[in-house]
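Peer 1: Just need the structure, nothing else, for what follows:
(2 chains)
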Amino acid sequence: MNFVSQLPISIVIVPLTVAVLISVLLSSNKKAAFTVSFLAMLFCFVSALLITITVSMKGSFAYNVSGWAPPWGIEIVVDRLSSFMVLLINLVGLLAVIFSKDYVERKLDSKKIPFYYVLILLLLGSMTGFVLSGDIFNMFIFFEALSLSSYSLVAISGDREALRAGFKYLIMGMISSLFVLLGLGFIYSVTGTLNFNQIALGVGKLSDFTVIYTGALLLITAFAIEAALFPLHVWLPQAHGRAPAPVSAILSGLVIGVGIFGIIKVVYYILPVVYSAGFVVIFRSLASIGIILGAIFALFEKDLKVILAQSSISQIGFAALGVFLFSYLGLTGSILQILNHALAKSALFFSAGAIIYGTGFKRLDEMRGIGKKMPITMGLFAINLASIASIPMTCGFVSKYLLCLGAIKQGLWGLVGIILLGSFLSILYCVRIINCIFFEEPKFKVEVKEAPLGMLIPLGALTILTVIFGIYPKIAFILIEPGVKEILSFLR
Amino acid sequence: MTQTINYMVLPVAAVVLPAIIGFAIFFTGRNKKLREFLSLIAALLSLFFVATLYFVLMQGNTDICFPICLGQDFTLCFRADWLGMFFAGITSFLWLVSVPYSLKYMEIKSSDSEGRFFGFFTLSAVSAIGVTMAGNMLTLFIFYELLTVSTYPLVIHTETPAAVRAAKKYLIYLLIGEILILFAVLSTPGFGEPRAFSKIGVMFPGIGPKMLLFIFFSYIVGFGIKAAIFPFSNWLPTVSVAPTPVTGLLHAVAVVNVGVYGIMRVILNVFGVELTRSMGVGVVLIFISSATIIYGSLMALSQDNLKKRLAFSTVDYVSYSILGVSLLNPAAFVGALLLLVNHAFLKLSLFFCAGAIDIQTEKTEVSELSGVGCKLPFVSTCFAIGSLGLIGVPLTLGFVGKWYLWRGPLETNQPGVIGVLIAGAILCAFYLLYVVYVLFFGQSKVSLNCDGKLSWLICLPIGIGVAGGAIFGVFPKLLLPLINPIISCYFGG
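Peer 2: So this is what the prediction gives:
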């Protein structure tokens, strides 16, 4: 226990430190940069695994950085939900680093490769920090670090489109950071603390809720930009579509999920009264519009990665909808959806990356019949598409099933319709991709080979998890359930 | 105790083991022998398990149930009861029959992705059996959706533009149905609990009559789309562009039967006969199925493409069974089940005949088939016998089934239904016998280039199908021990 209690801080510090070390010492040695970052992520993943096991057996614990207690010191809170998120982040992060090795070798300027790993480590480390923070101010700091590394990664290839996408992301991200800063100011001004647990205690004693509402809404809006909720999603298709494939996998699979996690924290810890609040309806309808619009856009896009990015908007809408259902089923469904999306969408971007790596094809119509040439890569791709399309026996079915059930139990028939329609549309856009890839005659002249092993392993690992969680979701329930109950107890 | 556990896992094994083999088939690549072996083994395995389960049921064990709890409101449940096993029996037997045919057929039609084809073929059949082994609505839904998903690559298999269009149409029709079913399933209390199927149906506490009707019709339309009821039947003729084994086994037997099975489960197990009667929805169902019978027959008459004609005939014929259920009368229900068996055996043979004719003469339109009867006597004779069986001339199962079905409206005094039955029989005779007439007596205008030699792998399944229909027609008593327990379970006595 003593050993494990030191892990939460090291899991944040190690990637950040290694990132700095790489940029200083290994800035010209791309092989060593990869090895070091791989080892760092391996350490983080193993630690995350240990933390999750400890938490699920012994309950949540807090770590006070350098021994200072919460109101003054920095508190790192490891509860069931955040340990689950940390595990997810470091799992997908590790796989993304493995995947990157072959990919960046071919697709990036070799001078940039060490810095690529620096940014990836910064991104992953700050995401972990964001999730583990016990107070809003540290959340803000990690949020800022997370955003900065994301912009740079989007634009890293340096071509015109990527720069433009990165810049758009930068503008939106800056607005979002300002909102966080503003929001936490409001909250501090009335509660006198920034620690989540103490805010949760303090809110009940307030006589006037106006200020705290304003603060919470600002925070929600800020995280909604990061989570790309409608109508704040405008930056996402370009950013996720133009970034290098492993980066898109992290951005789409993790970063927007972490945004939802931020929203969960704000909604359940800070908001004083949620049921009577009119804005719940607004958030529910915005999430619904996002689900439908994202899916419709995905139906008409031409670039495979942009299709996947549009689908992210739709899929993350489901997760947001679950948060705003304020029920056990809704929140469980929402977190399962984050899990499902992290696994499946990252795997999809990996496969898209494998195609780009092998052939350079980006548009769907160039890829006709590629499934016959790369059967293993594209077979795994198809399984992950099935998860996005919520076909039974994949993780995606379980999450949407819970959301739909939650909405039915609460009698929200409109939302039931939205969830069903959204899943229907998601099947349509997935079938469109499947048809193109598997059921057309190959027309391309390039010789196409199966993706290298370094790409197939991360892809396969994610696919296996998607199927395991789909066939036997009990594993996920065991991890999530106590966390959800813990969080729901804060609901007023 | 060990023995109890032994047969409890049978329903799971009947689904899981063939499914694993189905996945293995994807990886057979160029190894044709292995693929043929695995396809056959999967079908044999599932038939073996179904037969064993029947044996266990006959020993008097009625509660063969294997729940797998996956979470709150999320229990997968595998269960074998008489009604489910009846459908599982039909599907698994005819699956085995059609394996040699499909292996030969695909070899002749030489396609390059046979691993994909036979993998999904096996998985589709397994999903169809999984639906019948489901112990609660959630499990039923999951396999139901898997059936749709795994038949999709089979429909699109030839990759021609027509196949792509057909597959899209297929998917959209069936997905809309599935969304309705999912909605209805989630609104049904106790859908995800183990042992949710009971004789009397589930209770619907706190659900108003309007909502109840809405749920009921969500179910009926959802399953009805798969059973090709009017006006949702157009997908079935469209997908007849798929390779013949697919149209034969899946779309004439497995898929539509699963639709009918779903409707039966909804009426008998979810709502229960009593509640269905008191809701007064029987009339609506009778109207829909009658309309489908007439529509299917008329459309079949006007089709020149043989497979399309047979597909519309499926639309027509399956609705007899739905009619039989919705009359809520034990005799009519026996008729419904008998006609299902009859249709499954004979329509499979008829489709296989159409496929055999296509292989030999490359003719697909009825008007081009003149004189085929002399060149392919075996196939044409089987086609003729099969047609007579479907029309229901005496000494066939079709006759026995219709005889039972007629007793329903006679007992409940519904002359309109009798009218529909008469009209249906006449139309059926017209559209099938016309084909037989052309086959044997049509004036051959063009010379057919065929040597008349068909592999026994093609002929045997056709023969078995027709023989099955004939044997059960002469000895319908063979089927009654399987049907009687179902009747006594749901209708008492």
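Peer 1: contacting residues for the nearest residue to residue B:227 once chain neighbours are set aside?
Peer 2: Nearest in space to residue B:227, with sequence neighbours left out and distances taken as C-beta to C-beta, 6 or more residues apart in numbering or on different chains, is residue B:259 at 2.9 Å. (Each C-beta comes from the backbone N, C-alpha and C, glycine too.) The neighbours of residue B:259, taking C-beta atoms under 8 Å, 6 or more residues apart in numbering or on different chains as the test, are B:223, B:224, B:225, B:226, B:227, B:228, B:318.
Peer 1: element containing residue B:259?
Peer 2: helix B:255-265 (DSSP states H and E).
Peer 1: Which helix or strand lies directly C-terminal to that helix?
Peer 2: Counting by DSSP H and E, the next helix or strand C-terminal to helix B:255-265 is helix B:272-279.
Peer 1: Determine the set of other helices and strands touching that next one.
Peer 2: Counting contacts by 3 or more C-beta pairs under 8 Å, 6 or more residues apart in numbering or on different chains; DSSP states H and E, helix B:272-279 is packed against helix B:209-226.
Peer 1: Can you dump the C-alpha atoms of the helix it packs on in PDB for me?
Peer 2: Presented in PDB, the C-alpha positions along helix B:209-226 are these (Å, rounded to 0.1, in the frame of the first residue of the first chain):
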ATOM      1  CA  PRO B 209     -53.600   0.800 -22.600                       C
ATOM      2  CA  LYS B 210     -52.400   3.200 -25.300                       C
ATOM      3  CA  MET B 211     -48.700   2.600 -24.400                       C
ATOM      4  CA  LEU B 212     -49.400  -1.100 -24.300                       C
ATOM      5  CA  LEU B 213     -50.800  -1.000 -27.800                       C
ATOM      6  CA  PHE B 214     -47.800   1.000 -28.900                       C
ATOM      7  CA  ILE B 215     -45.400  -1.500 -27.500                       C
ATOM      8  CA  PHE B 216     -47.300  -4.400 -29.000                       C
ATOM      9  CA  PHE B 217     -47.300  -2.900 -32.400                       C
ATOM     10  CA  SER B 218     -43.600  -2.000 -32.100                       C
ATOM     11  CA  TYR B 219     -43.000  -5.600 -31.600                       C
ATOM     12  CA  ILE B 220     -45.300  -6.800 -34.300                       C
ATOM     13  CA  VAL B 221     -44.000  -4.400 -36.900                       C
ATOM     14  CA  GLY B 222     -40.400  -5.000 -35.800                       C
ATOM     15  CA  PHE B 223     -40.600  -8.800 -36.100                       C
ATOM     16  CA  GLY B 224     -43.100  -8.500 -39.000                       C
ATOM     17  CA  ILE B 225     -40.500  -6.700 -41.200                       C
ATOM     18  CA  LYS B 226     -38.400  -9.800 -40.900                       C
END
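Peer 1: List the contacts of it.
Peer 2: Under the criterion C-beta under 8 Å, 6+ apart, residues B:144, B:148, B:173-174, B:176-181, B:183-184, B:187-188, B:204, B:207, B:232, B:235, B:255-256, B:258-260, B:262-263, B:266, B:270-271, B:276, B:279, B:281, B:285, B:288, B:322 lie in contact with helix B:209-226.
Peer 1: Pull out the buried residues from the residues you listed.
Peer 2: Neighbour-count burial (16 or more other C-beta atoms under 10 Å in any protein chain shown) applied to the contacts of helix B:209-226 gives B:144, B:148, B:173-174, B:176-181, B:183-184, B:187-188, B:204, B:232, B:235, B:255-256, B:258-260, B:262-263, B:266, B:270-271, B:276, B:281, B:285, B:288, B:322.
Peer 1: Start and end of stretch A:442-458, how far apart?
Peer 2: End-to-end distance for stretch A:442-458: 26 Å, by C-alpha to C-alpha, to the nearest Å.
Peer 1: and it, how far from the chain's centre?
Peer 2: The chain centre lies 27 Å from the centre of stretch A:442-458; the measure is C-alpha atoms, centre = their mean, to the nearest Å.
Peer 1: buried sites along that stretch?
Peer 2: Neighbour-count burial for stretch A:442-458 [16+ other C-beta under 10 Å]: A:448, A:451, A:455, A:456, A:458.
Peer 1: Please verify my assumption that the first one contacts residue A:371.
Peer 2: Yep, that's residue A:448 we're talking about. No. In this structure, residue A:448 is not within contact of residue A:371 by C-beta atoms under 8 Å, at 10.3 Å.
Peer 1: So which residues of the stretch 51-200 of chain B form strands?
Peer 2: Taking DSSP state E, counting those that start in this stretch to define them, one finds strands in the stretch 51-200 of chain B at B:64-71, B:74-80.
Peer 1: winner for burial among these?
Peer 2: Among the strands of the stretch 51-200 of chain B, the stretch with the highest mean neighbour count (mean count of other C-beta atoms under 10 Å in any protein chain shown) is strand B:74-80, at a mean of 24.
Peer 1: Next secondary structure element downstream of the helix or strand harbouring residue A:13?
Peer 2: Here residue A:13 sits within helix A:7-25, counting by DSSP H and E. Per DSSP H and E, helix A:7-25 leads on to helix A:30-58 as the next helix or strand towards the C-terminus.
Peer 1: who does that following helix touch, helix- and strand-wise?
Peer 2: Applying 3+ C-beta pairs under 8 Å, 6+ apart, one finds that helix A:30-58 makes contact with helix A:2-5, helix A:7-25, helix A:80-107, helix A:113-132, helix A:474-488.
Peer 1: Residue A:463 is nearest to which of those?
Peer 2: Closest of the helices and strands packed on helix A:30-58 to residue A:463 is helix A:80-107, at 11.0 Å (criterion: C-beta to C-beta).
Peer 1: Which positions in the closest one come out as buried?
Peer 2: A:80-104, A:107.
Peer 1: average pLDDT across stretch A:282-298?
Peer 2: Averaged over stretch A:282-298, pLDDT sits at 92.
Peer 1: so where's the stretch 51-200 of chain B shaky on pLDDT?
Peer 2: B:111, B:195-196 (pLDDT under 70).
Peer 1: who in it is up against chain A?
Peer 2: Proximity of the stretch 51-200 of chain B to chain A is confined to B:69-74, B:112-113, B:141-143, B:145-146, B:149, B:152-153, B:156, B:159, B:164, B:167-168, B:171-172, B:175-176, B:179, B:182-183, B:186-187 under the rule C-beta under 8 Å from any C-beta of the partner chain.
Peer 1: Any chance of a ChimeraX selection covering the buried ones in those residues?
Peer 2: Command for ChimeraX that selects the buried part of these, burial taken from 16+ other C-beta under 10 Å:
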select /B:70,71,73,74,113,141,142,143,145,146,149,152,153,156,159,164,167,168,171,175,176,179,182,183,186,187
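Peer 1: Please give the element, helix or strand, for residue B:428.
Peer 2: Using DSSP H and E, residue B:428 maps to helix B:415-441.
Peer 1: for the helix or strand just after that helix, packing partners?
Peer 2: Using DSSP H and E, the helix or strand that follows helix B:415-441 in sequence is helix B:456-474. On a contact count with 3+ C-beta pairs under 8 Å, 6+ apart, helix B:456-474 meets helix B:82-108, helix B:330-361, helix B:377-391, helix B:397-412.
Peer 1: Show me which positions of helix B:456-474 end up buried.
Peer 2: Buried positions in helix B:456-474, judged by neighbour count with 16+ other C-beta under 10 Å: B:458-459, B:461-466, B:468-470, B:472-473.
Peer 1: ok, and what's touching that helix?
Peer 2: Contacts for helix B:456-474 (C-beta under 8 Å, 6+ apart): B:94, B:97-98, B:100-101, B:103-105, B:338, B:341-342, B:345-346, B:348-349, B:352-353, B:355-356, B:359, B:378-379, B:382, B:385-386, B:389, B:395-400, B:478-479.
Peer 1: downstream neighbour of it in the secondary structure list?
Peer 2: Per DSSP H and E, the first helix or strand lying C-terminal to helix B:456-474 is helix B:480-491.
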